[in-house]
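Chemist: Starting from these lines, generate the structure:
(chains A, B, C and D)
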Protein chains: 2
Amino acid sequence: MPRLSNAKEQIMDRARRLLQSHGFEGFSYRDISSQLGIKNAAIHYHFPTKSDLGQALVEDFCEETRQQIAFARENLTVRKQLDAYFERMAQEFDRDNSLCPVGAMTTSLGTISDSMRNSLNQLSALVVDWLTETLEKGRNNGDVEFSGDARSKAIQISAAMQGARQLSRLNCSNQVERVAGQFKEELYKEPS
Amino acid sequence: MPRLSNAKEQIMDRARRLLQSHGFEGFSYRDISSQLGIKNAAIHYHFPTKSDLGQALVEDFCEETRQQIAFARENLTVRKQLDAYFERMAQEFDRDNSLCPVGAMTTSLGTISDSMRNSLNQLSALVVDWLTETLEKGRNNGDVEFSGDARSKAIQISAAMQGARQLSRLNCSNQVERVAGQFKEELYKEPS
DNA sequence: GTCTATATACCGATAGAC
DNA sequence: GTCTATCGGTATATAGAC
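Modeler: Below you'll find the predicted structure:
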């Protein structure tokens, strides 16, 4: 009889929070096991190595992001898609001061496995590709306004949101909303 | 007779590189001592605790930034000041793929000393305050163009440059130049 | 599937010789 | 000012009982 109803999910949930607050090398199996009231060895049963755990976490982020993008693309206008993206970034920070997964892993890029790094790259590309496509579409139909090429704008926005979540943790104030508001003012200059 | 001509400076130089590539918790006294061909205890003589070393590093960053800002403010036009800032960010990344000090510390904010955190906060504020002042001045004399309030724009730019350095390490390509180019295109729309 | 116990390695830090 | 030697703590990971 297991002590936890669905141990694997609970382990990943704790690991996810720890990753987004302390980075991949900033938490240990002990942090997870003590929070769940189990022992280290129990985690090793579900995730033999920490790399396995990290890989599962990043793939989870990818899948979640894919679903959010798919929903937005099929159901929302360009402006609503961008608004939802900005709002999600601000809300994730408000909830638990969490970093974006990519930002939380940047200091560990030299030590993680190739497969983990590849998945992280995919996660980053998912957002940038969707932003590029959405911005381009919005410029064509007049929903948004910006100069330069769409991919550069997409990278600029993505980088700024990641950085804003980090600066906000340092200042203890939500700069994500502020940066998002600045982008919206610039993109939505002409009311549709 | 010391084995190193100026041990303290050499230790800080190595520590600085390690901090900007692996984060504060991502390097050890051993990493530094092995690179310099000395022993751990020698580092502890100059920096009794790792917190002392970290504090010295952040204060060094502050002093360097203060000098760069003071020079720019006194000798350069608004556009030249912004150009110098963008170019410095891109060059620092090109040289050794280094993170900005603030971005390198965000996953360690929960474990570092209060004094280190305060210095880090000062470092971030130095750049944002200077950017705010410079943007406002440039908008008044027609050197640059942007909407919204200057401080929001300053935070947006600062956050984007920090994020761009991190994304660039993941992609193995210099997105810092690309993001800087996007900002320049937007800010310098009207040729002076 | 979870436990106890253990292996091995690394960490920051200190004492004392030179 | 640097060394050798060592301490206590923690990390990931494994073996084997239950």
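Chemist: So which residue is smack in the middle of chain A?
Modeler: Taking CA atoms, centre = their mean, the centroid of chain A lies closest to A:Cys100, which sits 4.0 Å from it.
Chemist: where along chain A do the strands fall?
Modeler: With DSSP state E as the definition, chain A shows no strands.
Chemist: Which residues of it lie near DNA strand D?
Modeler: A:27-31, A:40-41, A:44, A:48-51 (CB under 7 Å from any atom of the strand). Placement of C-beta: from N, CA and C, glycine included.
Chemist: I'd like those residues as JSON lines, with distance to A:Lys8 appended.
Modeler: Listed next are the residues of chain A next to DNA strand D as JSON lines, based on distance: CB to CB, whole Å:
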{"residue": "A:Phe27", "distance to A:Lys8": "17"}
{"residue": "A:Ser28", "distance to A:Lys8": "18"}
{"residue": "A:Tyr29", "distance to A:Lys8": "14"}
{"residue": "A:Arg30", "distance to A:Lys8": "18"}
{"residue": "A:Asp31", "distance to A:Lys8": "17"}
{"residue": "A:Asn40", "distance to A:Lys8": "15"}
{"residue": "A:Ala41", "distance to A:Lys8": "15"}
{"residue": "A:His44", "distance to A:Lys8": "12"}
{"residue": "A:Pro48", "distance to A:Lys8": "13"}
{"residue": "A:Thr49", "distance to A:Lys8": "15"}
{"residue": "A:Lys50", "distance to A:Lys8": "15"}
{"residue": "A:Ser51", "distance to A:Lys8": "16"}
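Chemist: What about DNA strand C: which of these touch it?
Modeler: Applying CB under 7 Å from any atom of the strand to the residues of chain A next to DNA strand D, those adjacent to DNA strand C are A:40-41.
Chemist: Chain B: which of the residues of chain A next to DNA strand D is nearest?
Modeler: Here the nearest of those to chain B, counting by CB to the nearest CB, is A:Phe27; it sits at 9.8 Å.
Chemist: any idea of the pLDDT on the closest residue to the closest one other than its chain neighbours?
Modeler: Distance criterion CB to CB, 6 or more residues apart in numbering or on different chains; nearest residue to A:Phe27, sequence neighbours excluded, is A:Leu18 at 3.6 Å. A:Leu18 carries a pLDDT value of 98.
Chemist: Name the surrounding residues that touch stretch A:46-60.
Modeler: Under the criterion CB atoms under 8 Å, 6 or more residues apart in numbering or on different chains, residues A:7-8, A:11-12, A:15-16, A:19, A:24, A:29, A:43, A:101, A:105, A:112-113, A:115-116, A:119-120, A:123 lie in contact with stretch A:46-60.
Chemist: please redo it, this time with the cut-off set to 10 Å
Modeler: A:7-13, A:15-16, A:18-20, A:24-25, A:27-29, A:32, A:43-44, A:101-102, A:105, A:108, A:111-123 (CB atoms under 10 Å, 6 or more residues apart in numbering or on different chains).
Chemist: Perfect, I'm done here.
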